[in-house]
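Asker: Build me a model from this:
(2 chains)
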Amino acid sequence: MNEKDLFIYFLSQFDLPVNKIENILEKMGQDYSFSHFCRLNFKEISVDVYKKMVERADERLVKAYIENLEALNIKLVCKLDEKFPKKLRGISEAPFFLFYKGDLSLIDRHCLAIVGSRMPSNYGRRVTEKFTSFLAKNGLVIVSGLAYGIDSIAHRQTLNEGGKTIAVLGSGFNNIYPPEHRDLANQIAEKGLILTEYCPSTKATRYTFPTRNRIIAGFSDGVLITEASIKSGTIYTRDYALDYGKDVFAIPGNIDSEKSALPNEIISSGQGMCVTDPKQILNALNIESSKQNTNNFSSIQLSFEENQICSLLASGAKNIEFLEKNTNLSINILNSCLTILEIRGIISRMPGGEYYLK
Amino acid sequence: MLAKVVSFGLKGVDGYKIDIETDVSNGLPHFEIVGLADTAIKESKERVRSAIRNSAFEYPVKRITVNLAPADMKKEGAIYDLGIAVAILSCNEENKIKNEKDFSFLGELSFDGSVKKIKGLLPILISARDMGYKKFIIPKENCNEARFIEGIEVYGVESLIETVQFLKGEKQIKLVEICKFKDIISQEQFPLDFSHVKGQKMAKRALEIAAAGGHNLLMIGPPGSGKSMLAKCFPSILPNLTFEEALEVTKIHSIAGELDLKQGIVCNRPFRSPHHTASTVSLTGGGTNSKPGEISLAHNGVLFLDEFPEYSRHTIETLRQPLEDGVITVARSNATITYPANFTLIASMNPCPCGNYGSKDKECKCTPSQITKYLAKLSGPIMDRIDIHIEVENVTYEQLKSDKEEESSAQIKKRVDLAREIQLKRFANDKNFSNAKMSAVQTKKYCVLDESGEALLKSAFDKLKLSARAHDRLLRVARTIADLDGEENILARHIAEAISYRTLDRKYF
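Answerer: Now for the predicted structure:
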């Protein structure tokens, strides 16, 4: 490892803005030694931060930091590297550093961001699951922010379908937020990619999430908003996507539902495309549908009872009381049929006990 | 003059013999009770003196010392009043009481000399009979409680005078007649019946399974969905109490003073629903005057905990031992007491603090972390002991108004009884009586799956992301479902149904 690399690692610890990093590098000239750094005077950096930097400007400390990153299996890539994703280079305010775990090359594939409310309704859950599994099956890399609600549904559903998913964090790796999703983060690191511009010790704040949304919008080919309220942080993702000239897709919802307010607004104002079928997204992104649509249950072998249930569910989500009333099946048979259909992946169950066809 | 009569005290749910030794000697007038008596007994002096005087007997103006032996046991309550009064009176030869040694005396005295009802009579009589005591004089009000115990002679008295007259042979008192448990059990009536509950087919089926296999059950649903109503109907489909079970229940209720003295025995399975502000001690029992708690009062019946996560964490965790062993051991500085506590736990809760999570028509306002915190109150070890969890939905107006005949409790109970019979045969040589209490070894032995069942279970774990701890629970519930179905082996459809009762194992919560 040469002096320059060491110095780059050193700089990555402070979450400095891109322009300041570039300034520093410029001033350093060709001499990247720490002694040189300490002799220079940086007006653009605040006194406190500079003091902290000088304290840490020690080869041994930086090496320990690098070892620590290696132990945690965290890799670092910076804008100067060739490996740095091309898609991110182009955007304004591109991050200078990216910390990541997993397969960085996923970014170069067709990526679609699926984002939305942290507290989705059953409708939001259902359509997110439906769109995610179709698009993941068709080879799209699903990008999201590891948050509660729509984000985690998109990640989980992709993993379930064996697809690839990318999580962009709004905090450092040591402070994954929300902490309940640490398991999910590990799974994504293993099977996909998880990345952040923040150094591992950075904690999530209310400011880090909107800025991370620019990375999501930055390397995705399109952004799908399934459900979000008008005050949601999803607004930032939409705005960045529009700035960067990416496609915005929105799934319409009831006009009186608070949680469909943002997608409905996007549709009515013409900012994005109204999608009612996941195929429309593939068409808009010029991706060919790779597999047959498996939604048609008539091609699957079903028993008489199962067929009865599926035909009732074809008209929308139903609860068990409705099914019991309209099929004349006893509740025990109905329960076991529903479980078997669910295991076979034909139907799905939502909190509250409603079932719907996938 | 010295006189000695026999009485009984209570330790836990067992009685022990107490000798009331009374010495009346010349000296300055004084009345002293020794032998670790509590305040109620110390005050007994005043009651006894007034009762004797007001019954027109002569109260000896002498030095009276009463000893309650064994002297090292702490004694509580007012049940020794009658014994002490009789002992004092028999010291006076003028009263001509001779055969007081043949009887055991139990009863509290009132100032006017009448004998008042006492708590815990039934367990005392049972223990006394087992120790070989035959004749008892008890308060008349308690007679019904004594009428189920065979092999003893019990006389109910109303006053101190009547007692003395009876002992002198001046008055005859009729023996308490033995009553057969079978004769009264047929009269049992439940205030609530499943035919009153409209809709809720899923919940009813789950409760039927819980009743048949003795499984604990958790209902999750929005406020007003009828969770409490369903739980209150639950005792009506439980198998009848056997006489032995009824005696066990009655013992506890008698000690707690909650027994209906008209009936004298508990013949319906108890249903207890302590409020969620209940203290831990009120649930477990214990305290300085060791009393059985709510979970013991629910012995052989149902403990219903409404709004389960609202109970304090500590209170919920104390349920672990009773749910596992069927007893609760309360250790206090002066005694360690074990009360039976073999109950079916029916718990209910909202899906989230606001109650609308997953609801169709109302929006849930809770943040994800609030929901996580709410559910985290139910620790793994407690959830491990609850076999069935189901979601209960709001009933629609159409369902409420529908004229469709709903199945009555009696019909459901018939199926439950059949399933219980199968289990009694299965566990004839084992210690447990129900599928829910099967050990790991028994689960392996009795819950054999065929190939298709095994394959289904495996794919269920893969696809539905069930947690590993669900495995044995699922098998036990499937066993009960197969029993209800009258099937010797567990079939795939039984497993599939059992899986549908594992809501909380799903990852969407």
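Asker: can you list the residues of chain A near chain B?
Answerer: A:118-119, A:121-122, A:125, A:148-149, A:156, A:178, A:180, A:258-259, A:319-321, A:324, A:331-333, A:335-340, A:342-343, A:345, A:349-354 (Cβ under 8 Å from any Cβ of the partner chain). No exception for glycine: its C-beta is placed from N, CA and C like everyone else's.
Asker: Which ones among these lie within strands?
Answerer: Per DSSP state E, strands hold the following members of those: A:N319, A:R349, A:E354.
Asker: picking up where we left off before, can you flag which of the residues of chain A next to chain B belong to helices?
Answerer: When those are checked against helices (DSSP state H), the matches are A:122, A:125, A:156, A:320-321, A:324, A:331-333, A:335-340, A:342-343.
Asker: per-domain residue ranges of chain B.
Answerer: Chain B is divided into the following domains under automatic domain parsing: B:2-168, B:194-409, B:438-509.
Asker: ok, so of the ones in strands among the residues of chain A next to chain B, who is nearest B:P270?
Answerer: Nearest to B:P270 among those, counting by Cβ to Cβ, is A:N319 at 33.7 Å.
Asker: low-scoring stretches of chain B, by residue?
Answerer: Low-confidence segments of chain B (pLDDT under 70): B:186-188, B:506-509.
Asker: Look through it and tell me its longest helix.
Answerer: The residue-count maximum for a helix in chain B (DSSP H) belongs to helix B:409-426.
Asker: mind exporting that helix as PDB, just the C-alpha atoms?
Answerer: Provided in PDB are the C-alpha atoms of helix B:409-426 (Å, rounded to 0.1, in the frame of the first residue of the first chain):
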ATOM      1  CA  SER B 409     -71.400 -25.300  22.600                       C
ATOM      2  CA  ALA B 410     -72.900 -28.700  23.300                       C
ATOM      3  CA  GLN B 411     -72.300 -29.800  19.700                       C
ATOM      4  CA  ILE B 412     -68.700 -28.700  19.800                       C
ATOM      5  CA  LYS B 413     -68.300 -30.200  23.200                       C
ATOM      6  CA  LYS B 414     -69.300 -33.600  21.900                       C
ATOM      7  CA  ARG B 415     -66.300 -33.600  19.500                       C
ATOM      8  CA  VAL B 416     -64.000 -32.300  22.200                       C
ATOM      9  CA  ASP B 417     -65.100 -35.100  24.500                       C
ATOM     10  CA  LEU B 418     -64.300 -37.700  21.900                       C
ATOM     11  CA  ALA B 419     -60.900 -36.300  21.300                       C
ATOM     12  CA  ARG B 420     -60.200 -36.300  25.000                       C
ATOM     13  CA  GLU B 421     -61.200 -39.900  25.200                       C
ATOM     14  CA  ILE B 422     -58.700 -40.800  22.600                       C
ATOM     15  CA  GLN B 423     -56.000 -38.900  24.500                       C
ATOM     16  CA  LEU B 424     -56.900 -40.600  27.800                       C
ATOM     17  CA  LYS B 425     -56.400 -44.000  26.100                       C
ATOM     18  CA  ARG B 426     -53.100 -42.800  24.500                       C
END
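Asker: What is that helix packed up against?
Answerer: Packing partners of helix B:409-426 (3 or more Cβ pairs under 8 Å, 6 or more residues apart in numbering or on different chains; DSSP states H and E): helix B:201-213, helix B:470-484.
Asker: Between those, which one is closest to chain A.
Answerer: Each of the helices and strands packed on helix B:409-426 has some distance to chain A by Cβ to the nearest Cβ; the shortest is helix B:201-213, at 4.5 Å.
Asker: Flag every residue of the stretch 101-250 of chain B that's near chain A.
Answerer: Counting by Cβ under 8 Å from any Cβ, the stretch 101-250 of chain B sits next to chain A at B:G199, B:Q200, B:K201, B:M202, B:K204, B:R205.
Asker: Please repeat the previous calculation with a cut-off of 7 Å.
Answerer: B:G199, B:K201, B:M202, B:R205 (Cβ under 7 Å from any Cβ of the partner chain).
Asker: got CSV for the helices and strands packed on helix B:409-426, with mean neighbour count too?
Answerer: Below are these laid out as CSV (neighbours: other Cβ atoms under 10 Å in any protein chain shown):
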stretch, mean neighbour count
helix B:201-213, 25
helix B:470-484, 24
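Asker: Reformat those as TSV; add distance to B:G326.
Answerer: Putting the helices and strands packed on helix B:409-426 into TSV (distance: least, Cβ to Cβ, whole Å) gives the following:
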stretch	distance to B:G326
helix B:201-213	15
helix B:470-484	16
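Asker: what about the residue nearest to A:Y50 when sequence neighbours are not counted, how many neighbours?
Answerer: The shortest distance from A:Y50 to any non-neighbouring residue, by Cβ to Cβ, 6 or more residues apart in numbering or on different chains, is to A:F42 (5.9 Å). The tally of other residues near A:F42 (other Cβ atoms under 10 Å in any protein chain shown) stands at 15.
Asker: From B:C366, how far out is A:F42?
Answerer: For A:F42, the distance to B:C366 equals 47 Å [Cβ to Cβ, to the nearest Å].
Asker: Where does pLDDT dip in chain A?
Answerer: Ranges of chain A meeting pLDDT under 70: A:290-300.
Asker: please redo it, this time with the cut-off set to 80
Answerer: Residues of chain A meeting the criterion pLDDT under 80: A:1, A:41-44, A:289-301, A:351-353, A:358.
Asker: need the strands for it, in chain order.
Answerer: Using DSSP E, the strands of chain A run over residues A:75-78, A:97-102, A:111-115, A:141-144, A:165-168, A:193-196, A:222-225, A:247-250, A:273-274, A:318-319, A:347-349, A:354-357.
Asker: Now render the ones you listed as TSV, adding mean neighbour count.
Answerer: Shown next, in TSV, are those (neighbours: other Cβ under 10 Å):
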stretch	mean neighbour count
strand A:75-78	17
strand A:97-102	23
strand A:111-115	29
strand A:141-144	28
strand A:165-168	29
strand A:193-196	25
strand A:222-225	28
strand A:247-250	23
strand A:273-274	16
strand A:318-319	19
strand A:347-349	22
strand A:354-357	20
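Asker: got the ones you listed as JSON lines, with distance to B:S273 columns?
Answerer: Formatted as JSON lines, those follow (distance: least, Cβ to Cβ, whole Å):
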{"stretch": "strand A:75-78", "distance to B:S273": "58"}
{"stretch": "strand A:97-102", "distance to B:S273": "51"}
{"stretch": "strand A:111-115", "distance to B:S273": "45"}
{"stretch": "strand A:141-144", "distance to B:S273": "45"}
{"stretch": "strand A:165-168", "distance to B:S273": "46"}
{"stretch": "strand A:193-196", "distance to B:S273": "48"}
{"stretch": "strand A:222-225", "distance to B:S273": "46"}
{"stretch": "strand A:247-250", "distance to B:S273": "49"}
{"stretch": "strand A:273-274", "distance to B:S273": "52"}
{"stretch": "strand A:318-319", "distance to B:S273": "28"}
{"stretch": "strand A:347-349", "distance to B:S273": "30"}
{"stretch": "strand A:354-357", "distance to B:S273": "30"}
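Asker: Of the ones you listed, give the one that comes closest to B:E317.
Answerer: Across the strands of chain A, the minimum distance to B:E317, taken as Cβ to Cβ, is reached by strand A:347-349, at 30.6 Å.
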